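*Asks:* Here's my sequence, what's the structure:
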Amino acid sequence: MIELDAEQQQARDWFERLRDRICASFESIEREAASEAKFDYLEWFRDDDASGNSGGGVRGVMKGKVFEKVGVNVSTVGGAFAPEFAPSIHGAGENPNFFATGISLVAHMSNPHVPAVHMNCRFLVTTKRWFGGGADLNPALPKNEDTADFHAAMERACAASPTGDYPRFKQWAEDYFWLPHRKVHRGVGGIFYDHMEGDFDANFALTRALGEAFLDSYPMIVRRRMATPFTEAEEQALLEWRGRYAEFNLVYDRGTSFGLKTGGNIDAILMSLPPRATWS
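*Replies:* Okay, the predicted model is just below:
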């Protein structure tokens with residue numbers, strides 16, 4: 001078992017409450033579409049070992065009529081990074097011990113007019129203590145209205161904390177969610193931030209505001225588009241775009257790498273992959 005201090009407990013509790021609210025919101029959308037789909041939850045644990053690795057999490061997955069596949073994961077883990085991996089983690093170069101708690105979400109939608117989405121928030125402790133997170137919209141068929149509404153919500157989230165910086169975080173997302181080998185962005189962006197240390201209360205407020213902004217904006221966009229008719233060609237465009245998404249997550253995504261290198265649950269880590277994709 002991991003013993004949590006007050007800040008770690010606050011972060012963990014909030015991530016788990018956010019998970020519950022998001023899953024309830026998504027299940028409500030399925031019911032509106034005359035679907036009885038619900039999240040299937042799998043609790044997992046890391047085996048304690050000589051490095052003190054312990055903890056675990058809950059993987060939630062739903063496959064429905066609107067959400068072809070959506071995963072919402074929460075985890076709280078601790079231990080020691082492998083020596084070859086520790087130098088790549090903020091504050092772990094000289095001391096590999098760590099604590100991490102967070103939530104990660106990826107939704108792949110049945111209708112190509114409904115954008116896929118990614119969101120995650122995390123609190124890490126090494127020799128430093130920091131928050132990271134972000135959310136980005138990933139449409140196969142971009143709509144200016146959806147992009148504008150999503151970015152407006154992200155801008156409001158940044159304004160809710162003195163450490164929020166929308167222009168900087170927006171550019172950070174554009175730089176991070178980029179496929180160098182194809183020279184294209186993964187989607188239409190959002191915000192991304194990392195290594196936010198120093199003022200716990202301000203950075204926690206930023207992270208909570210991100211979660212609230214996501215809940216305010218994304219379900220609204222889903223409801224706006226989920227009944228839009230689509231053609232076979234538009235579905236093919238969706239499947240081809242998903243191939244790009246899979247390439248990014250398997251080659252460049254730091255969260256995927258972190259999970260695999262710290263003994264996370266493989267099903268939870270790879271839930272971000274789409275259920276169907278094509279490469280022409």
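
*Asks:* Residues contacting stretch 260-280, please?
*Replies:* Stretch 260-280 is contacted by residues 42, 44, 46, 53, 56-57, 59, 61, 63, 68-69, 71, 73, 75, 77, 79, 81-82, 85, 98, 100, 104, 106, 108, 116, 118, 236, 239-240, 242-243, 245-246, 249-250, 253, 256, 258-259 when judged by Cβ atoms under 8 Å, 6 or more residues apart in numbering. Quick note: C-beta positions are derived from backbone N, CA and C, even for glycine.

*Asks:* Go through that stretch and flag the buried ones.
*Replies:* Using 16 or more other Cβ atoms under 10 Å as the test for burial, stretch 260-280 gives 262-265, 268-274, 277.

*Asks:* how about the closest residue to Gly164 other than its chain neighbours, what does it touch?
*Replies:* Spatial nearest neighbour of Gly164, excluding adjacent residues (Cβ to Cβ, 6 or more residues apart in numbering): Cys158 at 3.2 Å. By Cβ under 8 Å, 6+ apart, the residues touching Cys158 are 164-166, 169, 191, 206, 209.

*Asks:* Assumed Cys158 was part of a helix.
*Replies:* Yes. Looking at Cys158 with DSSP: H, G, I helix; E, B strand; the rest coil, it is inside a helix.

*Asks:* Could you check how far it is from Ala135?
*Replies:* For Cys158, the distance to Ala135 (Cβ to Cβ, to the nearest Å) stands at 11 Å.

*Asks:* can you check Ala209 too?
*Replies:* The value you get for Ala209 to Ala135, if Cβ to Cβ is used, is 11 Å.

*Asks:* Neighbour count for the two, which is higher?
*Replies:* Ala135 (25 against 19; other Cβ atoms under 10 Å).

*Asks:* Quick check, that one in contact with Val117.
*Replies:* Yes. In terms of Cβ atoms under 8 Å, Ala135 counts as a neighbour of Val117; the distance is 7.0 Å.

*Asks:* joint contacts of the two?
*Replies:* By Cβ under 8 Å, 6+ apart, the residues touching both Ala135 and Val117 are 214, 218.

*Asks:* Now list the buried members of the contacts of Cys158.
*Replies:* Among those, the ones that count as buried by 16+ other Cβ under 10 Å are 164-166, 169, 191, 206, 209.

*Asks:* ok so, going back, overlap in contacts, Cys158 and Ala135.
*Replies:* Common contact partners of Cys158 and Ala135 (Cβ under 8 Å, 6+ apart): Ile191.

*Asks:* hmm, back to that, please flag which of the contacts of Cys158 sit within strands.
*Replies:* Residues of the contacts of Cys158 located in strands (DSSP state E): Ile191.

*Asks:* Whichever of the contacts of stretch 260-280 end up buried, select them in ChimeraX.
*Replies:* To isolate the buried ones among the contacts of stretch 260-280 in ChimeraX, judged by 16+ other Cβ under 10 Å, type:
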select :44,46,53,56,57,59,61,63,68,69,71,73,75,77,79,81,98,100,104,106,108,116,118,239,242,245,249,253,256,258,259
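
*Asks:* And the helix or strand containing Trp241, what does it pack against?
*Replies:* Taking DSSP states H and E as the criterion, Trp241 maps to helix 232-251. With contacts defined as 3 or more Cβ pairs under 8 Å, 6 or more residues apart in numbering; DSSP states H and E, helix 232-251 has these neighbours: strand 178-179.

*Asks:* Parallel or antiparallel, list what pairs with the very next helix or strand once past the strand it packs on.
*Replies:* With elements assigned by DSSP H and E, the helix or strand that comes after strand 178-179 is strand 184-185. Using DSSP bridges, the strands paired with strand 184-185 are strand 178-179 (antiparallel).

*Asks:* now what about the partner strand, what contacts it?
*Replies:* 184-186, 244, 247-248, 252.

*Asks:* among those residues, which ones are buried?
*Replies:* Buried, going by 16+ other Cβ under 10 Å: 185-186, 244, 247-248, 252, out of the contacts of strand 178-179.
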